[in-house]
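Colleague: Just the structure for this:
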Amino acid sequence: MYDELTSVDIKKMKEELEYRITVVRPEILEDVKLARSHGDLSENAEYHAAKRERGKNESRIRYLRNMIKTAVIIDAKSSDDTVGLFDTVTYYVEEDDCEEQVRIVTTLRRDPFQNIISKESPLGSALMGRKVGDRVSVTVNDNYSYFIVIRSIEKGQDDDSLEIRKY
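Modeller: Predicted coordinates:
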């Protein structure tokens with residue numbers, strides 16, 4: 001399965017990849033050399049920490065390269081009256097008798113703690129393409145679903161303001 005990402009997502013990943021290769025990698029290699037010069041490697045915590053950091057950085061580089069290589073680039077545009085990527089949606093949860101608000105983004109930039117959700121999440125996929133006034137069923141799993149009513153849609157745009165997930 002390919003991740004659906006925007007051109008801004010790809011740009012941000014390429015920038016991070018370049019930074020990790022040209023800045024972080026040489027710094028970590030220097031740390032490993034310095035720690036190695038302190039002698040006995042079996043009891044050298046600094047050396048083991050530097051090696052661990054090198055492994056994390058190399059893992060992230062591989063992840064970014066793979067994401068860039070396999071991503072399907074999508075357009076973030078949607079019509080003015082329907083929910084699309086980067087839109088902020090206010091909706092009413094019937095079950096809880098409350099109003100909530102979320103912003104819908106690509107998987108790479110989600111942050112549920114900030115009410116920024118992925119278009120692939122149960123709520124995100126239920127909202128995509130819907131209009132103000134629509135009553136929508138959100139299916140969480142085979143045993144649980146709930147209804148919401150879309151109250152408003154604030155159109156958004158794909159910009160550099162949202163960070164990509166670190167891990």
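
Colleague: Surely residue 147 and residue 139 touch.
Modeller: No. Using Cβ atoms under 8 Å, residue 147 is not in contact with residue 139, being 10.6 Å away. (Each C-beta comes from the backbone N, C-alpha and C, glycine too.)

Colleague: Quick check: the closest residue to residue 120 other than its chain neighbours vs residue 99, distance?
Modeller: In space, and not counting its chain neighbours, residue 120 is closest to residue 107: 5.7 Å by Cβ to Cβ, 6 or more residues apart in numbering. Computed as Cβ to Cβ, to the nearest Å, the residue 107 to residue 99 distance reads 26 Å.

Colleague: If you count surrounding residues, which of those two has more?
Modeller: residue 107 (17 against 13; other Cβ atoms under 10 Å).

Colleague: Quick one: residues contacting that one.
Modeller: 3-5, 118-120 (Cβ atoms under 8 Å, 6 or more residues apart in numbering).

Colleague: now do 10 Å
Modeller: 3-5, 9, 117-121, 124, 164-165 (Cβ atoms under 10 Å, 6 or more residues apart in numbering).

Colleague: care to break the chain down by domain?
Modeller: Split into domains by automatic domain parsing, the chain comes to 4-73, 88-154.

Colleague: Rounded mean pLDDT for the longest one, please.
Modeller: Meaning domain 4-73. Mean pLDDT, domain 4-73: 90.

Colleague: before we move on, what about stretch 131-146?
Modeller: On average, stretch 131-146 scores 95.

Colleague: Show me what it is in contact with.
Modeller: 79, 81-83, 89-96, 121-127, 130, 147-153.

Colleague: try it again with 6 Å
Modeller: 81-82, 95, 122-123, 126, 130, 147-150, 153 (Cβ atoms under 6 Å, 6 or more residues apart in numbering).

Colleague: what's the first-to-last distance across it?
Modeller: 18 Å (Cα to Cα, to the nearest Å).

Colleague: quick one: residue 159 and residue 85, what's the gap?
Modeller: From residue 159 to residue 85 the distance is 12 Å (Cβ to Cβ).

Colleague: Which of these two has more residues huddled nearby?
Modeller: residue 85 (22 against 9).

Colleague: Reduced to three states, what does the more buried one come out as?
Modeller: coil (DSSP: H, G, I helix; E, B strand; the rest coil).
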